[in-house]
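[1] Build me a structure from this.
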Amino acid sequence: MAHRVYLGIDLGAESGRVIAGLWNGKSLRLEELHRFPNGPVPLAGTLRWDVLRLLAEIQNGLALAGKKYGRNIVSVGADTWGVDFALLSKNGELLGQPYHYRDARTNGMMEKAFKKVPRSEIFAQTGLQFMQLNTLYQLLALKEAHPDVLEAADCLLMMSDFVHWALCGSRAVEFTIGSTSQCLNPVTRNWASGLLKKFGLPARIFLFLFSYDLNSTQERKNPRAAIAAFRKAFPLGGPFGLVVKTHNPDRNSSAFAELKAELEGLPNTFLICETLSRTAVYELEQACDCFVSLHRAEGFGLAVAEAMFLGKPVIATDWSGTAEFVNVTNGCPVSYRLLTLDRNYGPYARGQTWADPDIDQAAHWMRSLADDSSFRESLGRRAAADIRRNFAPKTIGRRYQRRLESFSLW
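    Prediction:
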C-alpha cells in the first residue's frame, strides 16, 4: 500500500525542522526534509522569536514535502517548547515580535505575583511547577511594561498554535501546550479565569448558549444538532464554549441521560439544569456571546428574541416562528431539509413535518461569529434594533388593535 505521510514541524531551542512520518499500515519511518537554525534574536535590549523567518523556513520545508509526497500527505502539525506565546489583534494582526523565554523581563516577577496571590493558591489552581519563564509571569511582565499591547490583544496563541494559525487560520490553544502556561486549570480543562482575574489579566472565552425545557420535547428542540455543530466548528478546542441550559430533568430522566451522553468528553461545555429566576435567565443570556436554536419546529422563539433584544447574534433554523424575525441582515439563519415524522414524539404525531437543520452551515456560522468581531457586533446591533422596533409594546398593541378592529367589519 502507498504510504500515508504525516508532516511534523519541530521548533527546538537551536534549530527547526520539517519531518515526514511515513506510515505503511505496519511501521512508521521518519525522514527529515528541511532543517534550519532557530534561536532568540536580540531586539532593543530584549530577546525575541524571529517568527517571520521561521515561517518562511517552514513554508520552504512544506513545499519540499509537497513536491515529494503530493496527495499522500494527510496532515501537518507543529511542536515547540511551551510557555512562549504570540498575541493577535481583533483583525488578526500580530502584536509585536513574540518574546523568548530567556528574556530578562520576568526577573523577580514571581515574587511580585506572590504578593497579589499566594503561591499555594496559584499551585492549587494550575498544578504547575514554578518557573519565572512560565506564561503567567510573562503576561504579568507585559502588563507592567506594555499594558497597551495587552489591551489591544484579542487572542493569545502558544507558539505551536501560532504556527497552526499562520498555516490554516485556526485560533485555538491545544490543551497540552496550554498546560505549560500556569494559566490553565487541569481539573476543569479550562483557563484558570478566577486566578487570571485576580492578576488583572484577560480571560476570554466565546460562549454559545442553547436553552430549552425538557418538557418541550427534546427531539423538537434538537440539542443534539447544536452540540454536533459546536463539535464540528471547533474540532481542536480553543477558547470557545457551549452552555446548555435546560430544566425539568427529573420528569424527563431518559432524555436528560441522552443529553449528558452527547456532552460527555466535549471540552468547554457547561450544563445548567436547575430552574432559574427570570432575572437570572436574562443574566445568562447577557453573559453569553451567541444564542443557538437549531430547532426542528418552534412556536414564537422567545429565547431567540430575548437574545436579539440584548444585542446578541443568533443562529437559528430558518423554519417556524423564528423565520419571521431572523434573517441574514440581523442573524444567521440555517437552511434545512423537511422530514416527515415516522413516529410520535410527545404531542407531535407521526406524519407531521419538521425541519432538519444543516449542521455544516450552523458550524460555519459558529466559526464566523467567533472569528470576526466586527461581523458579530454588526449583527448584534441590527438584531437589537429590529426586535426593539418590531416587537415594542406599542407596535404589538397596534397589531392587536388592527386585528380586533377587523372583526367589526364582518
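[2] Which residue ranges of the stretch 251-400 of the chain form strands?
    269-272, 290-293, 314-317, 332-334, 336-340, 353-357 (DSSP state E, counting those that start in this stretch).
[3] Would you tell me which one of these is buried the most?
    strand 314-317 (a mean of 28; mean count of other CB atoms under 10 Å). In this view, the C-beta of every residue, glycine as well, is placed from N, C-alpha and C.
[4] average pLDDT for that one?
    Averaging pLDDT along strand 314-317 yields 98.
[5] ok, now how distant is residue 231 from residue 277?
    Using CB to CB, to the nearest Å, one gets 31 Å for the distance from residue 231 to residue 277.
[6] so which of the strands of the stretch 251-400 of the chain comes closest to residue 128?
    Proximity to residue 128 (CB to CB) singles out strand 269-272 among these, at 23.9 Å.
[7] CA atoms only: put that closest one into PDB for me.
    These are the backbone C-alpha positions of strand 269-272, laid out as PDB (Å, rounded to 0.1, in the frame of the first residue of the first chain):
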ATOM      1  CA  THR A 269     -19.200  22.500  27.700                       C
ATOM      2  CA  PHE A 270     -21.400  23.700  30.600                       C
ATOM      3  CA  LEU A 271     -24.700  22.000  31.600                       C
ATOM      4  CA  ILE A 272     -27.100  24.000  33.700                       C
END
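[8] Please state the offset of that strand from the chain centre?
    Averaging C-alpha positions (CA atoms, centre = their mean, to the nearest Å) puts strand 269-272 15 Å from its chain's average.
[9] Repeat that for stretch 189-199.
    On the basis of CA atoms, centre = their mean, stretch 189-199 sits 17 Å off its chain's mean C-alpha point.
[10] residues of that stretch that come out buried?
    By 16 or more other CB atoms under 10 Å, the buried positions in stretch 189-199 come out as 190, 191, 192, 193, 195, 196, 199.
[11] Name the nearest of those residues relative to residue 322.
    residue 190 (30.8 Å).
[12] Which phi and psi values does the closest one adopt?
    When quoted as degrees, to the nearest 10, the phi and psi of residue 190 stand at phi -150, psi 170.
[13] ok now do it, which residues does it touch?
    184, 205, 241, 267, 268 (CB atoms under 8 Å, 6 or more residues apart in numbering).
[14] what's the distance between the closest residue to the last one other than its chain neighbours and residue 219?
    What it means is residue 268. Ranked by CB to CB, 6 or more residues apart in numbering and with sequence neighbours excluded, the top spatial neighbour of residue 268 is residue 241, at 4.0 Å. The gap separating residue 241 from residue 219 is 25 Å, by CB to CB.
[15] about what we covered before: so which of the buried residues of stretch 189-199 comes closest to residue 355?
    The nearest one, if we look at the buried residues of stretch 189-199 relative to residue 355 and count by CB to CB, is residue 190, at 33.6 Å.
[16] Specify the beta-bridge partners of that closest one.
    In this entry, residue 190 is beta-bridged to residue 185, by DSSP bridges.
[17] Report pLDDT for it.
    Model confidence at residue 190 (pLDDT) stands at 74.
[18] what does residue 237 give?
    Taking residue 237 on its own, its pLDDT is 69.
[19] got it, and the one 4 residues further on?
    According to the predicted model, the pLDDT of residue 241 comes to 88.
[20] Could you pull up the residues touching it?
    In this structure, residue 241 makes contact with 190, 205, 206, 207, 208, 268, 269, 270, judged by CB under 8 Å, 6+ apart.
[21] one more time with 6 Å
    With contacts taken as CB atoms under 6 Å, 6 or more residues apart in numbering, residue 241 has the following neighbours: 205, 207, 268.
[22] Among these, which one sits closest to residue 321?
    When those are ranked by distance to residue 321 (CB to CB), residue 207 comes first, at 24.4 Å.
[23] Now the closest one. Nearest residue, chain neighbours left out?
    The nearest residue in space to residue 207 (CB to CB, 6+ apart) is residue 288, at 4.3 Å.
[24] correct me, but the one you found touches residue 209?
    Yes. Residue 288 lies in contact with residue 209 (CB atoms under 6 Å); the separation is 3.9 Å.
[25] got any residues that touch both of those two?
    Residues touching both residue 288 and residue 209 (CB under 6 Å, 6+ apart) are residue 243.
[26] check contacts around residue 154.
    Residues 89, 90 are the ones in contact with residue 154 under the rule CB under 6 Å, 6+ apart.
[27] now it: how far from residue 286?
    Here residue 154 is placed at a distance of 20 Å from residue 286 (CB to CB).
[28] Which ones among the buried residues of stretch 189-199 map onto helices?
    Assignment to helices by DSSP state H places the following of those there: 193, 195, 196.
[29] Now the two most distant members of the contacts of residue 190.
    Taking every pair in the contacts of residue 190 and measuring CB to CB, the maximum separation is 14.3 Å, between 184 and 241.
[30] Domain ranges for the protein, per the record?
    When the chain is parsed with automatic domain parsing, its domains come out as 1-80, 81-204, 208-395.
[31] where does the stretch 251-400 of the chain dip in pLDDT?
    Scanning the stretch 251-400 of the chain with the threshold set as pLDDT under 70 gives no residue ranges.
[32] 90 instead?
    Across the stretch 251-400 of the chain, the ranges flagged by pLDDT under 90 are 264-270, 274-277, 279-280, 282-284, 286-288, 346, 370-374, 377.
[33] where exactly do the helices run in it?
    Assigned helices in the stretch 251-400 of the chain, in chain order: 253-263, 278-287, 302-309, 359-371, 373-390, 393-407 (criterion: DSSP state H, counting those that start in this stretch).
[34] Over to the stretch 1-150 of the chain?
    51-69, 109-116, 119-126, 135-145, 147-152.
[35] Mean pLDDT and distance to residue 172 for these - can I get that in CSV?
    What follows is the helices of the stretch 1-150 of the chain, written out as CSV (pLDDT from 0 to 100; distance: least, CB to CB, whole Å):
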stretch, mean pLDDT, distance to residue 172
helix 51-69, 97, 18
helix 109-116, 97, 27
helix 119-126, 95, 20
helix 135-145, 96, 16
helix 147-152, 89, 20
